[in-house]
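Asker: Next one to model:
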Amino acid sequence: MTSQNNKRCAVIGAGVSGIAASIRMRNKGYDVTVYEANSFPGGKLSSESNNGYRFDMGPSVFTMPSYVDELFELSGKNPRDYFNYTQLNPVYHYFFEDGSRLDAFHNKEGFAEAMAKTTGDSKEAIVNYLNRTETIYRLTDEVFLQNSLHKFRNFLTWPVLRGILNFGKIGAFDTMNGANEKSFKDPRLVQLFNRYSTYNGSSPYLAPATLNVIAHLEIAKGAYYPEGGMYSITRSLVKLAKDIGVQFRFSTPVREVLTENKKVSGIRTDEGTEQYDVVISNMDVYNSYRLLLPNLKKPRKTLDQPKSSSGIIFYWGIKKEFSELGLHNILFSADYRKEFEAIFKHKTIDNDPTIYINITSKHSPGDAPAGGENWFTFINVPNNNGQDWDQLIAQARKNIVSKVNRMLKTDIEPLIEAEMVFDPRVIENRTSSAFGAIYGNSSNNKFAAFLRHANFSKEIKNLYFCGGSVHPGPSIPLCLLSAKITTNLVKEP
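Answerer: Numbering: from 1, shown residues only. Just a heads-up that it's a prediction; the model follows:
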C-alpha cells in the first residue's frame, strides 16, 4: 500500500539489481515504483521459449544464494516459500582439444583430489592455490564488495586498513595468468583458472590476479541450480517486491531524470512527469548519463574506461540427449592467449573460440521436449564497435558446429530444431548495455575496482546507481550487493 505521507522512490530498470533495490527501499519505508522499458522483468536475467524449448537468456551460474535469501528475510518472509535451489557437484565439465576431460567438484578437498588424479599437479599445490584465493576473498570482501569505495568514512575501519596493509597479498600487481602459471605445471589447470576472467568480461592476460578470487566463490563456497532455472530468481524477487507493495510499470521507458537546484525532482516518461524524492538508476551507467541525464556534466574519466567483452549466444533446441554433458560445460580453445588477443586487441572473434554450453533441462526436464536438450551456447566476443556482425555470426556458427562435432564426436547440425541468436547489438538494444558490453567496464587494469562509477551521483542529490556497470561490478551476487550498497546510502524517509 502507498501513502501520500511517504516519500517516493523511482527505480529505473527491472534488472535483478533494480528489483533488489526496490525491495530494500520499500523496507526502508519508501513508496517505490519500478519503471521498465521492456514488457518483462529481469534485464539480462530473463527467459524465452521457442518450439517447446525454454531458455534462460543471460546469466547462468548461480553462487552466493544467501544474498537472494537475505532479501526475503529482510522483508519478513521465508525464502523457501518463494525460491529454492540445489547445490551442484560436479559444477563444471571441461573438455580439451587433446581429448582429455576434467570435472570440477565443489569444495577445496574434493576439487583438488579429482584434479590431482588427472593433471600433473599435486593435491597439495591445488589446495594451496585455493587457500590463496580464500585469502584474497577475506581481504577484499568487506573492503571492495560490501561498502562504497567512494565514501571517505568507509576507509576509516579496521577491515579496510587490514586490506590496505595486506595489499600485496591480493594479487593486484600480477595478472591472473601470471599467478596461475606460477601455481600450476599442467597448462589445463592454468586455462581452467584463467577462465574466471570471463565472469566480468576481461582477459586473464591483462586482468589482475585479484580476480582469481572468483574461483573461491565457485569452488569453495559452491555453485547452485535454482529450481526452475535462473529466471526463477527474477520471478521470485518480483513476487516478493509486489507482495510488500512495490509497483511495477512495464513497457514504460524513462526518458529523463528531472532535477532542480542540483537535486532529484522526478522522472519523465512518454506518459508525462512524476515527482520522486529519490531516483535509483539500474540502467547501464554510460547510458544513464547519455539518455537520462543529457544536461549533466559527464564523468568522462569513468565512462570512457575500456568496456568489457560481449557475447554471441546460440539458443539451440537439440533433439537428442548427451550423457557426457551436464548443466555447465566448457569446450576450451587450443590457444587461449590467441583467443583473447582476437577479442581485446583485434576486436574480432578467433576461429577457435572457447564454447560454454549451459543445459538447464539436465535439472529441469520440462525445459525441453522428451529426449531433447536446451543448449545455451555462448562464446566471448568483443563489444560492438561497428563490426560486420552478420558475417562474424555466420563464421562463428560454422566454427562452433565444427568444434562441437570434433570434441563430442557427433554431427550437431541435423539435431538443431530450434534456434535463436543474441549478439552484441541485440544485447545493447534489449538491456541498454552500452556497446553490448555485458559487464560494463572491463577489469583489464589493476585499478579497475576503483575506476567503476560510484553508487551515487556527486553532482545531483538523491540520485543513485546500481547494477553491474557500477560498484562493485557484474554477476548476480555483485549486482545484489550493489543494490545493498546503494540503498544503504539513502537516508530513512
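
Asker: which residues of the stretch 301-450 of the chain score low on pLDDT?
Answerer: 449 (pLDDT under 70).

Asker: what do you get if the cut-off is 90, keeping everything else the same?
Answerer: 301-302, 443, 445-450 (pLDDT under 90).

Asker: now the strands for it?
Answerer: Secondary structure of the stretch 301-450 of the chain (DSSP state E, counting those that start in this stretch): strands at 310-318, 328-331, 355-359, 373-381, 416-422.

Asker: helices and strands around the shortest one, which ones?
Answerer: If I follow you right, that is strand 328-331. Helices and strands touching strand 328-331, as assessed by 3 or more Cβ pairs under 8 Å, 6 or more residues apart in numbering; DSSP states H and E, comprise strand 92-95, strand 355-359, helix 389-408. (Glycine included, C-beta is placed from N, CA and C.)

Asker: Next SSE downstream of the shortest one?
Answerer: Spelled out, that is strand 92-95. strand 101-104 (DSSP states H and E).

Asker: strand partners of that following strand, parallel vs antiparallel please.
Answerer: Note on strand 101-104: by DSSP bridges, its sheet partners are strand 92-95 (antiparallel).

Asker: And the strand it pairs with, how far out from the chain middle?
Answerer: The chain centroid and the centroid of strand 92-95 are separated by 20 Å, computed with Cα atoms, centre = their mean, to the nearest Å.

Asker: Kindly report the same for stretch 412-421.
Answerer: So, by Cα atoms, centre = their mean, the centroid of stretch 412-421 is 26 Å from its chain's centroid.

Asker: For that stretch, give me every contacting residue.
Answerer: With contact meaning Cβ atoms under 8 Å, 6 or more residues apart in numbering, stretch 412-421 is reached by 48, 50-53, 55, 312-320, 372, 393, 401, 404-405.

Asker: and the gap between the closest residue to Y356 other than its chain neighbours and A396?
Answerer: The shortest distance from Y356 to any non-neighbouring residue, by Cβ to Cβ, 6 or more residues apart in numbering, is to F378 (4.4 Å). Remark: distance between F378 and A396 (Cβ to Cβ, to the nearest Å) = 11 Å.

Asker: go on, P253?
Answerer: Using Cβ to Cβ, P253 is found at 31 Å from A396.

Asker: Which one's more surrounded, these two?
Answerer: A396 (22 against 17; other Cβ atoms under 10 Å).

Asker: Surely the more buried one is in contact with P353?
Answerer: Yes: here A396 reaches P353: they are 6.8 Å apart, a contact under Cβ atoms under 8 Å.

Asker: Which residues are in contact with each of the two?
Answerer: Listed as contacting both A396 and P353 by Cβ under 8 Å, 6+ apart are I379, V381.

Asker: shared neighbours of F378 and A396, which are they?
Answerer: Common contacts of F378 and A396 (Cβ under 8 Å, 6+ apart): I312.

Asker: Pull the contacting residues for the residue lying closest to G440 once chain neighbours are set aside.
Answerer: Excluding the flanking residues, the one nearest G440 by Cβ to Cβ, 6+ apart is S469, at 3.3 Å. Residues in contact with S469 (Cβ under 8 Å, 6+ apart) are D284, V285, Y286, S433, A434, Y439, G440, N441, R452, H453.

Asker: So what does the fourth one look like in phi/psi?
Answerer: Recorded main-chain torsions at S433 are phi -80, psi 120, according to degrees, to the nearest 10.

Asker: That one: what's it in contact with?
Answerer: K44, D284, N287, S310, I427, G440, S469.

Asker: what about it, distance to Y439?
Answerer: Per Cβ to Cβ, S433 is found 9 Å from Y439.

Asker: same deal with the first one?
Answerer: For D284, the distance to Y439 (Cβ to Cβ) stands at 10 Å.

Asker: With neighbour numbers in mind, choose between the two.
Answerer: Neighbours were tallied for D284 and for Y439 using other Cβ under 10 Å; the higher tally belongs to D284 (27 against 24).
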